[in-house]
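Engineer: here is a sequence with its predicted model. Questions after.
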Amino acid sequence: MSKKILLLHGPNLNLLSTRQPEVYGSTTLDQVNAMAAAHVRPYKVELRCEQSNHEGALIDILHVARDWADGVVFNPGGYTHTSIALRDAISAINIPVVEVHLSNVYAREEFRHVSLVSPVCLGKISGFGWRSYILGLDALLGHLGVISAPQL
Ligand code: DQA
């Protein structure tokens, strides 16, 4: 059976391309989602993309994902650094979540060095612009066994 993945974007990511393009790039969120869909097409993966600016709505989306998704690629935006509730939601849903960030959070302000969600995520990718999402998808697909190890 083909795998199902949620690509989830948190607050302010709807403004991608106009929001600090020198930090986050000039690609729109629709373009990121389209590139992600194109990337997983050969694997026959079902990809659903969602975005919310609201903490509770993101939690609701994660709860619903528990019933249909095999894994999540999640950019929690600013909630990364503040939200115990999102961290608890990730812990509660028992499906793998890969944390992604467009920017290299460690090269920025100190408050961005702290992630409340990292300890409950499968892993984290940060600093590669829109490619962070592609790398995050590959990491998740590898974990789910959709992408196998290179043949030696
Ligand atoms: C971000 C990094 C966060 O610190 C910031 O609040 C964002 C975007 C990123 O993708 O680089 O909104 O998650």
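Structural biologist: The structure has been received and is ready for your questions.

Engineer: residues of the protein that sit close to the ligand?
Structural biologist: Residues of the chain that fall close to the ligand, judged by C-beta under 6 Å from any ligand atom: 12, 75, 77, 78, 80, 101, 102, 103, 105, 112. All C-beta spots, glycine's among them, are computed from the backbone N, C-alpha and C.

Engineer: which residue ranges of this protein form helices?
Structural biologist: Secondary structure of the chain (DSSP state H): helices at 21-24, 29-40, 55-65, 84-93, 131-143.

Engineer: kindly list the single helix or strand of this structure that scores lowest on mean pLDDT.
Structural biologist: Using mean pLDDT, DSSP states H and E, the weakest-scoring helix or strand in the chain turns out to be helix 21-24, at a mean of 92.

Engineer: excluding chain neighbours, what is closest to residue 69?
Structural biologist: Distance criterion C-beta to C-beta, 6 or more residues apart in numbering; nearest residue to residue 69, sequence neighbours excluded, is residue 6 at 4.5 Å.

Engineer: err, residue 37, not the other one
Structural biologist: residue 47 (5.3 Å).

Engineer: hang on, that neighbour packs against residue 8?
Structural biologist: No: between residue 47 and residue 8 there is no contact under C-beta atoms under 8 Å: 11.1 Å.

Engineer: which of the two has more neighbours?
Structural biologist: Set residue 47 next to residue 8 and count neighbours by other C-beta atoms under 10 Å: residue 8 wins out with 23 against 20.

Engineer: which residues sit in contact with the residue nearest to the more buried one when sequence neighbours are not counted?
Structural biologist: Using C-beta to C-beta, 6+ apart and skipping the chain neighbours, the partner closest in space to residue 8 is residue 74 (4.6 Å). If a contact means C-beta atoms under 8 Å, 6 or more residues apart in numbering, then residue 74 has 6, 8, 10, 90, 97, 98, 99, 100, 117, 121 as its contacts.
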